[in-house]
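> Everything below, folded, please.
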Amino acid sequence: QVHFVESGGGFAQPGGSLRLSCAASGLTFVISDMGWYRQAPGKQRELVAVISSGGDTTTYSESVKGRFTISRDNGKNTVYLEMNSLKPEDTAVYFCNRNIGSGYRPVFNHWGQGTQVTVST
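A predicted model of the protein is given here:
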C-alpha cells in the first residue's frame, strides 16, 4: 500500500522560509513524477509543484513560481519543497502524491496526513 509521510511544516513570518519533506513508500518512486499540493481552509486542494521522475523537469503554479523549489532524492524515496519569501496566502496543509503530467492529476486516492504551514505576523 502506498504511504506518504510529509514533514517540515510549521510557523513562519512573511518573507520567511521553510523546507518540507515527503517520504514515499509502496510505489516505484524512481519512475514516478511527484507533486506537492496544498489545501487551505475552505478551499479545494491545488497542485503547487511537480518534478519529473529523473528530477530534470519541474513545473510550478503561478502563485509560487520563483519562490518555491521542488527537488527529490531517489535514493531516499523523498521529495522536497523549499519555500522562500513566504506569504500569508501560502498558509495551508501541504501534501505530496504521485502526479501524472504537469496538471492536477494525483494518482493515489490515499493521502498522507499532510504538514501544516502557517505564515503570519
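
> quick one, what contacts the residue positioned nearest the centre of the chain?
Centre of the chain computed as the mean C-alpha position; nearest residue by CA atoms, centre = their mean is Trp36, 2.3 Å away. Trp36 makes contact with 20, 22, 47-50, 68, 70, 79, 81, 94-96, according to CB atoms under 8 Å, 6 or more residues apart in numbering. Placement of C-beta: from N, CA and C, glycine included.

> can you tell me how far the closest residue to Arg38 other than its chain neighbours sits from Thr69?
Spatial nearest neighbour of Arg38, chain neighbours left out: Ala92 (3.8 Å); criterion: CB to CB, 6 or more residues apart in numbering. Distance of Ala92 to Thr69, computed by CB to CB, to the nearest Å: 17 Å.

> Which positions in stretch 2-22 come out as buried?
Using 16 or more other CB atoms under 10 Å as the burial criterion, the residues of stretch 2-22 that qualify are 2, 4, 6-9, 12, 18, 20-22.

> could I get those residues as a markdown table with distance to Gly103, pLDDT and secondary structure?
Output for these, formatted as a markdown table (distance: CB to CB, whole Å; pLDDT from 0 to 100; DSSP: H, G, I helix; E, B strand; the rest coil):
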| residue | distance to Gly103 | pLDDT | secondary structure |
| --- | --- | --- | --- |
| Val2 | 20 | 95 | coil |
| Phe4 | 20 | 98 | strand |
| Glu6 | 21 | 98 | strand |
| Ser7 | 26 | 98 | strand |
| Gly8 | 25 | 98 | coil |
| Gly9 | 25 | 98 | coil |
| Ala12 | 28 | 98 | strand |
| Leu18 | 25 | 98 | strand |
| Leu20 | 21 | 98 | strand |
| Ser21 | 24 | 98 | strand |
| Cys22 | 19 | 98 | strand |
